[in-house]
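**Q** Just need the structure, nothing else, for what follows:
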Amino acid sequence: MARRKRDYYVVLGLGRDASESDIKRSFRELARKYHPDVNSEDGGEKFREINEAYAVLSDKESRARYDRWGHPDDSGGGLSAVVDAAQDIINDVFRRRRAKQKGKDIRYTLEVSFEEAAFGVSKTISLGNRELTVVIPAGMKEGTVKTIKGEGEAGKGSAPAGDLHVQIRIAEHQSFRRDGLDVRSEVTISFAQAALGDILEIPTLDGDVKMRIPPGTQPGGTFRIRGRGVPQAAGKNAPRGDHLVSVQVEVPTELTPRQRELIEELGRTTGQDPSAPPAGKRRLLDRVRSLLDE
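**A** Sure, this is the predicted structure:
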């Protein structure tokens, strides 16, 4: 016994008062979903049922007969021909879509210097037989991806080309490291400079800048040079971050007798006699002396 056909309106998910545009829209959505090239679970049976329902309901006369008499006799050739024609149209649409394919995207890694990323730069890159200019704006961050539309591989069948995705890599700087819009660096000074203070020449993005360190500067202290960091945008008047300088104090490993004498004298004047034994040893010596005196 042949399987009883479902109501065509149910097949398309519509009510009997559906308009022509409703029928067409529902058919297109279901045809895309159940086309054998996309969904082959039932061998295309669902797709054939959708085509058959659309062939009847999209034609005013056949829809009127269906609304009045229900499903027609399948032995007639007219309906089958219409169904086959509708299926041919859908198949042709899918064939054209397969032939027309957007080009693949291209990925490219572009390395720039620390200064170029800070102030912005234009770079020319080569892709096969063509050259492109990539504009790097001021303040560019590591790992940023710039997308250039239509500069990827060519499409097929007059389809658009893919895109070019340029990932920015910032080369490591010998002295600077970035902290948001601020730039950080370190400077090593002598014990005398830390104790007495000094004026130093500090390298920045804009060249050397004089920076004063006060007397008594402690190791690890940080000093701020304002407005010498990374610009927020292009232009001379664009706001900028700061340059932060961390100070390290170099302790001498070898001393002349005179140098040692001076440091010992300094220790005594500050209540820290470097030639005196540690407190633990002094207590032990006192105990030994007391035992000998008994």
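
**Q** I figured residue 180 was touching residue 242, is that so?
**A** No - counting by CB atoms under 8 Å, residue 242 is not a contact partner of residue 180; they are 10.0 Å apart. Any C-beta I mention is one placed from the backbone N, CA and C, and that applies to glycine too.

**Q** Neighbour count for those two, which is higher?
**A** residue 242 (18 against 10; other CB atoms under 10 Å).

**Q** okay, and the common contacts of residue 180 and residue 242?
**A** Overlap of the contact sets of residue 180 and residue 242 (by CB atoms under 8 Å, 6 or more residues apart in numbering) is empty.

**Q** those strands in the stretch 1-150 of the chain, which residues are they?
**A** 106-112, 121-127, 130-136, 145-148 (DSSP state E, counting those that start in this stretch).

**Q** With mean neighbour count and distance to residue 164 added, can I get those strands in TSV?
**A** Output for those, formatted as TSV (neighbours: other CB atoms under 10 Å; distance: least, CB to CB, whole Å):
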stretch	mean neighbour count	distance to residue 164
strand 106-112	14	5
strand 121-127	12	7
strand 130-136	13	7
strand 145-148	14	4
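
**Q** Can you check which of these gets nearest to residue 253?
**A** strand 106-112 (39.2 Å; CB to CB).

**Q** and stretch 25-33, which residues are buried?
**A** For stretch 25-33, the neighbour count (16 or more other CB atoms under 10 Å) marks 26-27, 30-31 as buried.

**Q** Equivalent analysis for stretch 156-173, please.
**A** So stretch 156-173, judged by 16+ other CB under 10 Å, has buried residues 161-166, 168, 170, 173.

**Q** got it, and stretch 252-272?
**A** Neighbour-count burial for stretch 252-272 [16+ other CB under 10 Å]: residue 264.

**Q** Do me a favour and average the pLDDT over it.
**A** Across stretch 252-272, pLDDT averages out at 77.

**Q** Same check on stretch 51-68?
**A** Rounded mean pLDDT across stretch 51-68 is 89.

**Q** export that stretch as CSV, just CAs?
**A** Coordinates of the C-alpha atoms in stretch 51-68 are reproduced here as CSV (Å, rounded to 0.1, in the frame of the first residue of the first chain):
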residue,chain,number,x,y,z
ASN,A,51,9.0,20.3,-4.7
GLU,A,52,5.8,18.5,-5.3
ALA,A,53,3.9,20.7,-2.8
TYR,A,54,5.4,23.9,-4.3
ALA,A,55,4.5,22.8,-7.8
VAL,A,56,0.9,22.5,-6.9
LEU,A,57,0.5,25.5,-4.5
SER,A,58,2.5,28.0,-6.6
ASP,A,59,0.1,27.6,-9.5
LYS,A,60,-3.3,29.3,-9.0
GLU,A,61,-5.3,26.8,-11.0
SER,A,62,-3.7,23.7,-9.5
ARG,A,63,-3.9,25.2,-6.0
ALA,A,64,-7.6,25.9,-6.5
ARG,A,65,-8.2,22.3,-7.6
TYR,A,66,-6.1,21.0,-4.6
ASP,A,67,-8.1,23.2,-2.2
ARG,A,68,-11.3,21.7,-3.6
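
**Q** From the chain's centroid, how far away is that stretch?
**A** Distance of stretch 51-68 from the chain centroid (CA atoms, centre = their mean, to the nearest Å) equals 53 Å.

**Q** and what of stretch 123-133?
**A** With CA atoms, centre = their mean as the basis, stretch 123-133 stands 23 Å off its chain's centre.

**Q** start to end distance for that stretch?
**A** 6 Å (CA to CA, to the nearest Å).

**Q** residue contacts, residue 147?
**A** Shown in contact with residue 147 (CB under 8 Å, 6+ apart): 163-166.

**Q** no wait, residue 16
**A** Contacts for residue 16 (CB under 8 Å, 6+ apart) come out as 9, 67.
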